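Peer 1: no FASTA, just this:
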């Protein structure tokens, strides 16, 4: 039986069915920890050489594509950053594979993330997603689908393209991108897009009910507005 609570003017009842499955909740938090490790170590690696190039090679003696407004901080001291980055990356990739396999087998992607064809209209896209708090709106679905099916795969591809051990066996991974420095530059911009997504995600969680969203992602259940009393 679902729990319920009373607030003046509203009858509030917890959802009978879990909003998030156990596999979604576990992989979400593992991914969150992995992303923090990737972000911290990625910044440390970037501060060793905060310049971006295009092509195969790039150094302080060659023209750069972009000079980031960051100082050269960890010159020759990025061993810990690389180690943490690779460790976090493999946790993220393996965790993502489990999530993806589960998402396809349980039809989580089709039912909860991919927008229906009827939702991909200009009228639907202009409408704010405020009607049903227990399901993702079209804007959320598009954002999550873009992250899962585009940004993360490109992040993994460009990350592998910067690994000499991987490219020595599969050279096409880097040659299709035009070189390791191209892979590094794309990797940086995709990382920036993921950080922007994370900031918006956290802000929306806070604005639409931080306690409910966190409870749902930990226990599977949240308190949802049902009807007028």
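Peer 2: Structure's in. What do you need? Remember, it's a predicted structure, so these values are computed and weren't measured experimentally.
Peer 1: Please count neighbours and contacts with C-alpha atoms only from this point.
Peer 2: Fine.
Peer 1: Quick check, pLDDT for the residue nearest to residue 75 when sequence neighbours are not counted.
Peer 2: For residue 75, ignoring the flanking residues on the chain, the nearest one in space by CA to CA, 6 or more residues apart in numbering is residue 48 at 5.0 Å. On pLDDT, residue 48 comes in at 91.
Peer 1: Wait, a helix at residue 48?
Peer 2: No. Going by DSSP: H, G, I helix; E, B strand; the rest coil, the assignment for residue 48 is coil, not a helix.
Peer 1: what about residue 165, how many neighbours?
Peer 2: 11 (other CA atoms under 10 Å).
Peer 1: In the host helix or strand of it, which of the residues would be classed as buried?
Peer 2: Here residue 165 sits within helix 164-169, counting by DSSP states H and E. For helix 164-169, burial by neighbour count (16 or more other CA atoms under 10 Å) applies to residue 167.
Peer 1: from the chain's centre, how far out does the helix or strand just after that helix sit?
Peer 2: Downstream of helix 164-169, the first helix or strand assigned by DSSP H and E is helix 172-175. Relative to its chain's centre, helix 172-175 lies at 24 Å (CA atoms, centre = their mean, to the nearest Å).
Peer 1: Show me where the protein has its strands.
Peer 2: For the chain, strands defined by DSSP state E occupy the ranges 4-7, 10-14, 51-52, 66-67, 223-228.
Peer 1: Now do the longest one, average pLDDT.
Peer 2: I take that to be strand 223-228. 48.
Peer 1: before we move on, back to that, show residues contacting the helix holding residue 165.
Peer 2: Contact with helix 164-169 is made by 160, 161, 173, 174, as judged by CA atoms under 8 Å, 6 or more residues apart in numbering.
Peer 1: my read: the third one touches residue 163, true?
Peer 2: No. Proximity of residue 173 to residue 163 does not meet the contact threshold set by CA atoms under 8 Å, at 10.0 Å.
Peer 1: Between those two, which is the more surrounded one?
Peer 2: residue 173 (22 against 13).
Peer 1: rewinding a little: ok, the residue nearest to residue 75 - contacts?
Peer 2: By CA under 8 Å, 6+ apart, residue 48 lies in contact with 72, 73, 74, 75, 76, 77, 78.
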